[in-house]
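Q: turn this into a model:
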Amino acid sequence: MRQLPPVGLGTMGLDGPTGVTAIKTAIELGYRHLDTAQIYDNEEVVGAAVEQSPTARNELTIATKVWADSLPPEQVFNTTTESAAKLGVETIDLLYVHRPIDTYDPETTLPAFEQLVDEGLVSNVGLSNFTIEEIETAHNVLSSPISAHQTELHPLFYQPALIDHAREHNYTVVGYSPLAGGAVFELPTLVEIAEKHESTPAAVSIAWLTEKENVVVIPKATSKTHLRANIEAKSLELDPEDVAAIESIEAERELFAE
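A: Numbering: from 1, shown residues only. You can find the predicted model right below:
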């Protein structure tokens, strides 16, 4: 899989004409990684934005996820075919198992994903919201490499063991909710670091994560101002003491627990 850019676009909640406009604006600003999911019910919105954008399809990485109630092989095939049609693409660049729950069975679900790769409907297989143990099990079942693991990642829910595992096994961590649902704006540590760099807590959080060699993030935004600020945040250079301060925050808040 091509290297994912440091900052992509999370699209959960981007619906209707407003969603299409936001995604088109993101592409215009340079976003090249678009992330959606079957459960978001907005794959058609993403597809419409891609179709209306002058950016070539081969410059974009489009990712979606199969929800937990559709992970038996036949449903994997059917729902992924439907996703491709809604997205308006011949090939989905990255297809995730959204959560390893409900109908998920590594011995049957993962071979179905690989068959989609063999058939050309999918280019790369990813996992989402897995533990290290669950990733190891998937690794043992899959005959091809895991391309990415998507997980909640922000200053209030930092998972260094998962990042280390990804580095050791050569796959990308895709961090969602990097702004902790807006909570970063109220974290004294991030506010102080932002003031020091004449920046914002959002930019600090994004820069902190994207400085890590195998981590990318997919914040959601709708306004042009916020979309531009998020993608430009990767250029902010934090000092070692800034990183240490962020990683010493003890409060923990997982926004999307199972």
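
Q: which regions of the stretch 151-258 of the chain sit below the pLDDT cut-off?
A: 257-258 (pLDDT under 70).

Q: if we go to 80?
A: 251-253, 256-258 (pLDDT under 80).

Q: number of residues surrounding Thr210?
A: 20 (other C-beta atoms under 10 Å). All C-beta spots, glycine's among them, are computed from the backbone N, C-alpha and C.

Q: got phi/psi on it?
A: Thr210 has phi and psi values of phi -70, psi -10 when expressed as degrees, to the nearest 10.

Q: in contact with the residue lying closest to it once chain neighbours are set aside, which residues?
A: Closest residue to Thr210 apart from its sequence neighbours, by C-beta to C-beta, 6 or more residues apart in numbering: Pro6 at 4.0 Å. For Pro6, the contact set (C-beta atoms under 8 Å, 6 or more residues apart in numbering) comprises Thr210, Val216, Val217, Lys234.

Q: now the second one, which residues is it bridged with?
A: It stands for Val216. Using DSSP bridges, the bridge partners assigned to Val216 are Val174.

Q: separation between Ile101 and Val173?
A: Distance, Ile101 to Val173, using C-beta to C-beta, to the nearest Å: 20 Å.

Q: so those two - more neighbours on which side?
A: Using other C-beta under 10 Å as the criterion, Ile101 and Val173 rank with Val173 on top: 23 against 13.

Q: touching, the more buried one and Glu152? I think so.
A: No - Val173 lies out of contact with Glu152 (C-beta atoms under 8 Å); the separation is 10.8 Å.

Q: skipping its backbone neighbours, what lies nearest Ser83 in space?
A: Nearest to Ser83 is Thr64, by C-beta to C-beta, 6+ apart, at 5.1 Å.

Q: which of the contacts of Pro6 tops the neighbour count?
A: Val217 (30 neighbours).

Q: please give me every residue in contact with that one.
A: Pro6, Val7, Gly8, Leu153, Val174, Gly175, Tyr176, Pro178, Ile206, Leu209, Thr210.

Q: strands - which of those residues land there?
A: Of the positions in the contacts of Val217, Val174, Gly175, Tyr176 sit in strands, assigned by DSSP state E.

Q: between the residues you listed, which is closest to Lys224?
A: Checking these against Lys224 by C-beta to C-beta gives Tyr176 as the nearest, at 21.4 Å.

Q: roughly how far does that closest one sit from Leu153?
A: Tyr176 is 7 Å from Leu153, by C-beta to C-beta.

Q: strands along the stretch 51-200 of the chain, start to end?
A: For the stretch 51-200 of the chain, the strands defined by DSSP state E, counting those that start in this stretch occupy 61-66, 94-97, 125-128, 148-152, 172-176.

Q: note down every partner strand of the longest one and its orientation.
A: With DSSP bridges as the test, strand 61-66 is paired with strand 33-35 (parallel), strand 94-97 (parallel).

Q: from the chain's centroid, how far away is the shortest one?
A: Per C-alpha atoms, centre = their mean, to the nearest Å, the displacement of strand 33-35 from the mean C-alpha position of its chain is 7 Å.

Q: ranges for the helices of this protein?
A: Assigned by DSSP state H, the chain shows helices spanning 16-29, 43-52, 73-87, 106-119, 132-141, 160-169, 188-196, 201-210, 224-232, 240-247.

Q: closest one to Glu59 among those helices?
A: helix 16-29 (9.0 Å).

Q: ok, and what's touching that closest one?
A: Taking C-beta under 8 Å, 6+ apart as the rule, helix 16-29 contacts 9, 11, 13-14, 34, 42, 45-46, 48-50, 52-53, 55, 60, 221-224, 227-228, 231.

Q: any idea how far that helix is from the middle of the chain?
A: 17 Å.

Q: what is the neighbour count of Glu254?
A: 13.

Q: quick one, what contacts it?
A: Applying C-beta under 8 Å, 6+ apart, the residues near Glu254 are Glu152, Phe157.
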